[in-house]
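In: Model the structure of this input:
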Amino acid sequence: MADLRAYQVFPIVEIGPRIVPTLAAGNVTISLAGVELTAFANRSRLLGAVKQWESTVVSSSGREFIPTTNNWELAIGGMWSLGLDDELGPLAAQGGSGALEVGVQNVTYAWDSGQLKDFTITSEVRAGIVWLATLQGNGVAERSVG
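Out: Residues are numbered from 1 along each chain as shown. I've put the predicted structure just below:
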């Protein structure tokens, strides 16, 4: 039997309330123009970046900025399949746009207008075929909880 003491690097100490991570599987939903993409995506990243204008003047004690508009992008991807191409292919070919909705557990971000910004299919020998896409929300995102 192996000596397990060799694997004890540090003691496990619990500090404060336990935080259990939420798994992505089953907790992230994605749709664009009525096309449900959830089943085809195994990775996603929602980025809401606030563009800023510099407003520094001579009397400023440091750099100052004014927030202006938000730029919302959702990078998604997964293993390519004919089912995915049947759903997303027509949107890609026609420069698809429509209502965009992204759900993360019980929080939903929705835009009246969203668009498919790019769609890429990549293949490598011995690695499989992978697809990547970027969806962009136009205008202000509506956030709802429930």
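In: can we go C-alpha only for contacts and neighbour counts from here?
Out: Noted.
In: In contact with Gln105: list those residues for me.
Out: The contact partners of Gln105, by C-alpha atoms under 8 Å, 6 or more residues apart in numbering, come to Asn27, Val28.
In: Please state the offset of the lowest-mean-pLDDT helix or strand in the chain from the chain centre?
Out: Within the chain, no helix or strand scores below strand 43-54, which has a mean of 81 by mean pLDDT, DSSP states H and E. Chain-centre distance of strand 43-54: 11 Å, with C-alpha atoms, centre = their mean, to the nearest Å.
In: avg pLDDT for the strand of greatest length in the chain?
Out: In terms of residue count, the longest strand belonging to the chain (DSSP state E) is strand 107-124. For strand 107-124, the mean pLDDT works out to 92.
In: Buried residues, it. List them.
Out: The neighbour-count check on strand 107-124 (16 or more other C-alpha atoms under 10 Å) flags Thr108, Tyr109, Ala110, Trp111, Asp112, Ser113, Gly114, Gln115, Leu116, Lys117, Phe119 as buried.
In: so Ile121 touches Trp131, yeah?
Out: Yes: counting by C-alpha atoms under 8 Å, Ile121 does reach Trp131; the two are 4.4 Å apart.
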